[in-house]
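# Sequence and predicted structure below; questions after.
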Amino acid sequence: MRRRKAVFQAISVLLATLLIGVIMGAAIMGNVIRHRVTEIQQFTNAEGFKSQMMAIVDPVDAAQAEAITPIVDAFGERFAARIAANRQEFFLSLGRLDAELDPHLTPEQRERLAAHRERLQGRINRYGDSKE
């Protein structure tokens, strides 16, 4: 009886340790992914692009920073504009797709498509820092 109890306790400790490890691993992975998404999001607007690029380049002195800042600013504005235009075109294309599919769909299919579209638009806007 004592041996059974000891084995049960050992197994319980191992399972508890495993469970704690799984929970900690999931939490750490969530933070890593969130950090990476945040870094990518920063590249979708001009100010975030500038801060990321300046951190990567890490100018050696004020003169170098002064020389490269206007270049980084200009490209940041271009990239932000292009990303916004691509996002807008994407949503326009989805609207055209819906219009062409509509005559061929059942009401239930239309509802599913509309619900999916709302979720997709919410995710894109949330991760893209834009309100389309």
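Alright, I've got the coordinates.
# what's the distance between the residue most central in space within the chain and residue 31?
Taking Cα atoms, centre = their mean, the centroid of the chain lies closest to residue 37, which sits 3.9 Å from it. The gap separating residue 37 from residue 31 is 11 Å, by Cβ to Cβ, to the nearest Å. Glycine gets a C-beta too; all of them are placed from N, C-alpha and C.
# And residue 20, by the same measure?
17 Å.
# Next: residue 104.
Taken as Cβ to Cβ, the span from residue 104 to residue 31 is 44 Å.
# do the same with residue 105
Distance from residue 105 to residue 31, by Cβ to Cβ: 41 Å.
# Of these two, give the one with the bigger neighbour count.
Neighbours of residue 105 and residue 31, each counted by other Cβ atoms under 10 Å, are more numerous for residue 105; the result is 13 against 10.
# close enough to count as contact, that one and residue 113?
Yes. Residue 105 is in contact with residue 113 according to Cβ atoms under 8 Å; the separation is 6.9 Å.
# Count residues in the vicinity of residue 87, would you?
Neighbour number of residue 87 under other Cβ under 10 Å is 17.
# element containing it, please.
helix 62-101 (DSSP states H and E).
# Can you get me the centre-to-centre distance for that helix and its chain?
Put simply, helix 62-101 sits 17 Å off its chain's centre (Cα atoms, centre = their mean, to the nearest Å).
# what is the mean pLDDT for it?
For helix 62-101, the mean pLDDT works out to 92.
# Quick one: list the elements packing against that helix.
Helices and strands touching helix 62-101, as assessed by 3 or more Cβ pairs under 8 Å, 6 or more residues apart in numbering; DSSP states H and E, comprise helix 46-57, helix 107-128.
# Do me a favour and get the backbone dihedrals for residue 59.
Main-chain dihedrals, residue 59, degrees, to the nearest 10: phi -50, psi 140.
# Go through the helices and strands packed on helix 62-101 and pick out the most buried.
helix 46-57 (a mean of 15; mean count of other Cβ atoms under 10 Å).
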